[in-house]
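Visitor: sequence plus predicted model, see below.
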Amino acid sequence: MTNKNTNSVMALNAQLYDAGLLDDFYKAASRKDRTEMISLLISIEINMAEAEKTADAVLESPAFI
């Protein structure tokens, strides 16, 4: 993972944490609930395209789950 990607993930985690949604996001990821993951990302004002891209990346990477 590149430094830019690592920083993006850290920033996203911080946003989810600040919104009180980090645990919910990781629970949804562990259930492979893409719809819930996207919903949580949209709730922190991530646009649909980025939310879908992020959810897919998390679901494709065992390191995240």
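Guide: Happy to help now that I have it. Residues are numbered from 1 along each chain as shown.
Visitor: residue 13 contacts residue 22, doesn't it?
Guide: Yes. In this structure, residue 13 is within contact of residue 22 by C-beta atoms under 8 Å, at 6.2 Å. Using the backbone N, CA and C atoms, a C-beta is placed for each residue, glycine as well.
Visitor: so residue 9, which of the three states?
Guide: In three-state terms, and counting by DSSP: H, G, I helix; E, B strand; the rest coil, residue 9 is helix.
Visitor: more neighbours, residue 13 and residue 22?
Guide: With neighbours defined as other C-beta atoms under 10 Å, residue 13 and residue 22 compare such that residue 22 has more, 16 against 13.
Visitor: report the contact partners of the more buried one.
Guide: Residue 22 sits next to 13, 16 when contact means C-beta atoms under 8 Å, 6 or more residues apart in numbering.
Visitor: go on, the one 10 residues further on?
Guide: Residue 32 is in contact with residue 59, counting by C-beta under 8 Å, 6+ apart.
Visitor: and the gap between it and residue 55?
Guide: Taking C-beta to C-beta, to the nearest Å as the criterion, residue 32 is separated from residue 55 by 10 Å.
Visitor: and what of residue 33?
Guide: When C-beta to C-beta is applied, the distance between residue 33 and residue 55 equals 9 Å.
Visitor: then residue 20?
Guide: Residue 20 sits at a distance of 19 Å from residue 55 (criterion: C-beta to C-beta).
Visitor: those two: who's more crowded?
Guide: Neighbour count, other C-beta under 10 Å: between residue 20 and residue 55, residue 55 has more, with 24 against 8.
Visitor: for the more buried one, which non-adjacent residue is closest in space?
Guide: In this structure, residue 55 finds its nearest non-sequential neighbour in residue 37, 4.1 Å apart by C-beta to C-beta, 6 or more residues apart in numbering.
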